[in-house]
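Chemist: Got a predicted structure plus its sequence, pasted below:
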Amino acid sequence: ERETEVTSVLTALDITHEVIDEAIRKKANLIISHHPVIFHPLKKLSFKNPAVRLAANGISAICVHTPLDKAVNGINDIIADMLEREFRTDMTRSPIIPDEKNSPDGDGRIVTISGETLGAKAFAQRLKAMFGDIPVRYTGGSRPVKKVAVCSGSGGSLLSYVVKQDCDAYIT
């Protein structure tokens with residue numbers, strides 16, 4: 001075990017070789033990232049792996065993927081806030097799966113949009129604009145979009161919970 005004083009921090013979505021190069025240039029000895037630098041167990045040590053380069057260069061990493069998604073005011077709440085601004089409405093909000101009974105933090109969010117009635121295509125077009133004109137894929141449904149589930153990740157593990165809660169749309 002080694003104790004190192006943190007003197008400079010770099011933040012990133014992913015710890016890539018380019019991010020490590022930047023940390024070296026800026027003499028950052030800690031990188032805080034959203035996505036984990038080791039997602040699957042390492043089978044061999046190679047400098048092609050960013051985790052090995054971090055260790056070789058004495059750079060520590062803190063990866064806050066799940067806590068940043070689940071936390072109150074985390075990524076899921078940021079997306080819910082964006083929906084609230086886009087649809088100019090006060091929304092009810094709750095986790096898809098709360099960490100504890102009646103807890104405001106947990107996996108994903110469910111929001112209810114009041115005031116507007118939109119079909120899937122119109123809802124997808126609004127999301128496209130809201131997220132900066134990025135491509136949006138959607139499947140059209142037959143009912144208006146009011147109750148929306150949000151997951152800042154891929155969201156596959158939450159799908160059955162979203163279906164059980166009778167959501168009209170699922171943003172992942």
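Modeler: Received the coordinates, thanks.
Chemist: Help me confirm that Leu159 comes into contact with Cys167.
Modeler: No: Leu159 is beyond contact range of Cys167, at 10.0 Å (criterion: C-beta atoms under 8 Å). To be clear about C-beta, it is placed using only N, CA and C from the backbone, and glycine gets the same treatment.
Chemist: neighbour count winner among these two?
Modeler: With neighbours defined as other C-beta atoms under 10 Å, Leu159 and Cys167 compare such that Cys167 has more, 20 against 15.
Chemist: What number of residues are in the vicinity of the nearest residue to the more buried one once chain neighbours are set aside?
Modeler: Closest residue to Cys167 apart from its sequence neighbours, by C-beta to C-beta, 6 or more residues apart in numbering: Ala149 at 4.4 Å. Counted with other C-beta under 10 Å, residues neighbouring Ala149 total 23.
Chemist: Ala149 should be in a strand, yeah?
Modeler: Yes: applying DSSP: H, G, I helix; E, B strand; the rest coil, one finds Ala149 inside a strand.
Chemist: residues in contact with it?
Modeler: 96, 108-110, 155, 158, 162, 165, 167, 169-171 (C-beta atoms under 8 Å, 6 or more residues apart in numbering).
Chemist: Out of these, which sit inside strands?
Modeler: In strands, defined here by DSSP state E, the members of these are 109-110, 169-171.
Chemist: Worst mean pLDDT across the helices and strands of the protein, which element?
Modeler: helix 65-70 (a mean of 77; mean pLDDT, DSSP states H and E).
Chemist: distance between the helix or strand just after it and the chain's centre?
Modeler: Beyond helix 65-70 on the C-terminal side, the first helix or strand identified by DSSP states H and E is helix 75-86. On the basis of C-alpha atoms, centre = their mean, to the nearest Å, helix 75-86 sits 12 Å off its chain's mean C-alpha point.
Chemist: mind exporting helix 75-86 as PDB, just the C-alpha atoms?
Modeler: C-alpha atoms of helix 75-86 as PDB (Å, rounded to 0.1, in the frame of the first residue of the first chain):
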ATOM      1  CA  ILE A  75     -26.700  12.000 -13.800                       C
ATOM      2  CA  ASN A  76     -30.300  10.600 -13.800                       C
ATOM      3  CA  ASP A  77     -31.500  13.700 -11.900                       C
ATOM      4  CA  ILE A  78     -29.700  15.900 -14.400                       C
ATOM      5  CA  ILE A  79     -31.500  14.300 -17.300                       C
ATOM      6  CA  ALA A  80     -34.800  14.600 -15.300                       C
ATOM      7  CA  ASP A  81     -34.000  18.300 -14.800                       C
ATOM      8  CA  MET A  82     -33.400  18.700 -18.500                       C
ATOM      9  CA  LEU A  83     -36.800  17.100 -19.200                       C
ATOM     10  CA  GLU A  84     -38.500  19.500 -16.700                       C
ATOM     11  CA  ARG A  85     -36.900  22.500 -18.500                       C
ATOM     12  CA  GLU A  86     -37.700  21.200 -22.000                       C
END
